[in-house]
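Student: no sequence on hand, only this structure:
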């Protein structure tokens, strides 16, 4: 049966959209491509699917993250495994020579290579531990909003190895042990602890700035897996009690220029993606996430 | 009765959001602010209203553009008139000395000053004509997608005067007569004909580039007043017949980085905002609008 199908790809995978689209069109389906930014399975193109009358949304590159029921819409999560050349893992082994117990994490793109990674590390004489994160559904997988597969392991291992592209994912790890980032794309590896510590300090600075701010914008995203209106309303009520002037800002994708146009807020709280805190430079103001709210309220009370 | 109200402001007016919000909160209402970009009354924050359970959407700065029925949601269009200092109009009169019949246009922000503008021009001895555009609802008003209040007047007048900020609105005018842009914000005035002619040439160049392109992305916006899926599907079918490889790209706000991520298209057609054609540099490829489709199809056929 021919269907109307909407294909959605995260940013790095949009380059493969036309090839995937051609496969479906060859089978006789009518294909639409979502052209909005997409950062995770929390970010499903439901409105685009509804407006185009799509019977199926094929979401590439992420596994299921949250329960979504949309009448008349089938949602298929299709992984897009990318075979990384793990040679760089092999040639990086000397850097973790002195560590016996190693925790390994990677992203959904390379999770199918986790066994191969473990094998290489074992062959070098290491004892390997993996763990399942709180929101991740696969062993050894870290998400932008959930690096707990690594953080939970930290007390039990001597070092953590991350294999994958970029620093976005491993910078989310909050760990006390050495963290070696191994990037098969850039063909390089280095310990990330300094960067993670810098990030922690920056977040602390933003928390303090936020506690001293008067006008606070609380960001709510309407993205299916990021919507936390109740948490935002609770934060607003508490901030009012504490003498602040909070407003709730509702958006899909956060538009940095729009936030600047308000020209009004001294600081922000995100109830949407917790990693928006990485974008404070682009937002132009300090920003904290929901996990930091208890600390924020304490700081404000203390300063009274 | 207290309500949940979502306030929505176009980009230039977001700076007034907190003051407006404070008025509603003082009356006891629960207020949310839309933080997405907003470019017109075609661009209503309906999904944000639905997700927050707003009973009312107050859309500032534009008058009603299209019929929208959302169960349980009242939509109020609230103009945000800005009093421009028209001194610059007075001091620019010498530039149009030689023209007897003058057509006057302005934007929704200053439409309440249209009578004053006419009076000044009359006092200087001009005969004044105004007209109502096709999509505009007020006499003398031009929109980003409808400058016909000016273009329709062109054959009947000796020159056209635009009063308002920026060049976005008057650059939409397609006219054979001198067009004087009078900007009360920048306190300057100049004839825009050269810029309009340059824009026309650039659009012609993009049309030709689009006719030679193989892979064409057809943009569909899910914004309430910009949604033209049927037109996009018709264009796709025709382009296929003509030997092209068209794809339909569905989005809300057009994200330039996402378009670049596809890394696939040689040219674009917008069935959404026709003024996206102004953003070709940001999009990184030639782009034409729906009004140019007949010319595109002709060009492709001719080149065969």
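Tutor: Yep, that arrived. Predicted, not measured: the structure shown is a model, and the values here were computed from it.
Student: what's the span of stretch A:274-291, first residue to last?
Tutor: End-to-end distance of stretch A:274-291 (C-alpha to C-alpha, to the nearest Å): 8 Å.
Student: now do the contacts for residue A:8.
Tutor: A:33, A:34, A:38, A:44, A:45, A:48, A:57, A:58, A:59, A:60 (C-beta atoms under 8 Å, 6 or more residues apart in numbering or on different chains). To be clear about C-beta, it is placed using only N, CA and C from the backbone, and glycine gets the same treatment.
Student: shouldn't the second one be in contact with residue B:247?
Tutor: No. Between residue A:34 and residue B:247 there is no contact under C-beta atoms under 8 Å: 11.4 Å.
Student: residue A:187 touches residue A:89, doesn't it?
Tutor: No. The pair residue A:187 / residue A:89 is not scored as a contact, 10.8 Å apart, by C-beta under 8 Å.
Student: more crowded one of those two?
Tutor: residue A:89 (22 against 11; other C-beta atoms under 10 Å in any protein chain shown).
Student: quick one on the thing from earlier: which one of residue A:34 and residue B:247 has more residues nearby?
Tutor: residue A:34 (27 against 23).
Student: contacts only, for the more buried one.
Tutor: A:6, A:7, A:8, A:9, A:45, A:48, B:249, B:250, B:251.
Student: can you put the residues you listed in CSV and add secondary structure and distance to residue B:102?
Tutor: Compiled in CSV, these are given as follows (DSSP: H, G, I helix; E, B strand; the rest coil; distance: C-beta to C-beta, whole Å):
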residue, secondary structure, distance to residue B:102
A:6, strand, 50
A:7, strand, 53
A:8, strand, 52
A:9, coil, 53
A:45, coil, 49
A:48, helix, 46
B:249, strand, 43
B:250, strand, 44
B:251, strand, 41
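Student: kindly indicate which of these lies nearest residue A:128.
Tutor: Using C-beta to C-beta, residue A:9 comes nearest to residue A:128 of the contacts of residue A:34, at 32.1 Å.
Student: quick one: contacts for that closest one?
Tutor: Residues near residue A:9 by C-beta under 8 Å, 6+ apart: A:16, A:17, A:20, A:33, A:34, A:38, A:60, A:61, A:80.
Student: go again using 6 Å as the cut-off
Tutor: Residue A:9 sits next to A:17, A:60 when contact means C-beta atoms under 6 Å, 6 or more residues apart in numbering or on different chains.
Student: can you select the buried ones among the contacts of residue A:34 for me in ChimeraX?
Tutor: Selection of the buried residues among the contacts of residue A:34 in ChimeraX, burial being defined by 16 or more other C-beta atoms under 10 Å in any protein chain shown:
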select /A:6,7,8,9,45,48 /B:249,250,251
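Student: near chain B, which residues of chain A show up?
Tutor: Counting by C-beta under 6 Å from any C-beta of the partner chain, the positions of chain A adjacent to chain B are A:11, A:14-15, A:17-18, A:32-37, A:47-48, A:51-52, A:222, A:247-251, A:255, A:258, A:261-264.
Student: now the contacts of residue A:8 in TSV, with distance to residue B:97, secondary structure and pLDDT?
Tutor: Shown next, in TSV, are the contacts of residue A:8 (distance: C-beta to C-beta, whole Å; DSSP: H, G, I helix; E, B strand; the rest coil; pLDDT from 0 to 100):
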residue	distance to residue B:97	secondary structure	pLDDT
A:33	55	strand	98
A:34	55	strand	98
A:38	57	coil	97
A:44	61	coil	97
A:45	57	coil	98
A:48	54	helix	97
A:57	62	strand	98
A:58	64	strand	98
A:59	63	strand	98
A:60	64	strand	98
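Student: what subset of these is buried?
Tutor: A:33, A:34, A:38, A:44, A:45, A:48, A:57, A:58, A:59, A:60.
Student: picking up where we left off before, looking at the contacts of residue A:34, spot the one nearest residue A:164.
Tutor: residue A:9 (17.8 Å).
Student: check what pLDDT that closest one gets.
Tutor: According to the prediction, residue A:9 has pLDDT 98.
Student: how much space is there between it and residue B:28?
Tutor: 45 Å (C-beta to C-beta, to the nearest Å).
Student: which PyMOL command selects the buried ones in the residues of chain A next to chain B?
Tutor: Those of those that count as buried under 16+ other C-beta under 10 Å are selected in PyMOL with:
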select buried, chain A and resi 14+17+18+32+33+34+35+36+37+47+48+51+52+222+247+248+249+250+251+255+258+261+262+264
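Student: next step: the residues of chain A next to chain B restricted to strands.
Tutor: Counted as lying in strands by DSSP state E, out of the residues of chain A next to chain B, are A:32, A:33, A:34, A:247, A:248, A:249, A:250, A:251.
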